[in-house]
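Trainee: coordinates for the following, if possible.
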Amino acid sequence: MSTRQIHVFISHAWAYSEHYETLASWIFDEKWRVGQASLDFRNYSVPKNDPIHDADNDEELKEAILKQIKMSHVIVIPTGIYASYSKWIQKEIDGSSDYSKPILAVNPWGQQRASGVVVDSASKLVGWNKKSVVSGIWDLYK
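Mentor: Residues are numbered from 1 along each chain as shown. Sure thing, here's the model as predicted:
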């Protein structure tokens, strides 16, 4: 039996919804397995209570986000329409591209409209279901 450690960055989109908390709970609070392998998901996001949010300027926060993206294997971004208006999500997408990190777009439950910016940048799109999200991360990691 082996353990696969997978570093996951969840978008800064938590500032606009409760979706971050739900995704984090699904990914990090449960034990996941694929065949004989245990999946050890590590949270490489910048949580909303991190002191970096008190940074003197946006550049410091951007650097903190890009540092976390660089160390991550997979980037998870909800496709909520608020993403189209977030100044941070475009930076996260650009950082994912710069560091060649795949993006898993997650369509939130009951969402009628999706952010075209996120969908167009995604390596894979899944629905609002924890098994779909975890399987999507695994597919992009392996």
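
Trainee: longest helix anywhere in this protein?
Mentor: If you go by DSSP state H, the chain has its longest helix at helix 58-71.

Trainee: ok, and what's touching it?
Mentor: 7, 9, 12, 44-46, 50, 52-53, 55, 75, 87-88, 91-92, 95-96, 98-99, 101 (C-beta atoms under 8 Å, 6 or more residues apart in numbering). For glycine as for every other residue, the C-beta is placed from the backbone atoms N, C-alpha and C.

Trainee: within the sheet, what are the partner strands of the helix or strand that comes right after it, with directions?
Mentor: The first helix or strand that comes after helix 58-71 along the chain, using DSSP states H and E, is strand 74-78. Strand pairing for strand 74-78, using DSSP bridges, gives strand 3-10 (parallel), strand 103-106 (parallel).

Trainee: okay if I get those strands as JSON lines plus distance to residue 23 and mean neighbour count?
Mentor: Listed next are those as JSON lines, based on distance: least, C-beta to C-beta, whole Å; neighbours: other C-beta atoms under 10 Å:
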{"stretch": "strand 3-10", "distance to residue 23": "5", "mean neighbour count": "19"}
{"stretch": "strand 103-106", "distance to residue 23": "7", "mean neighbour count": "26"}
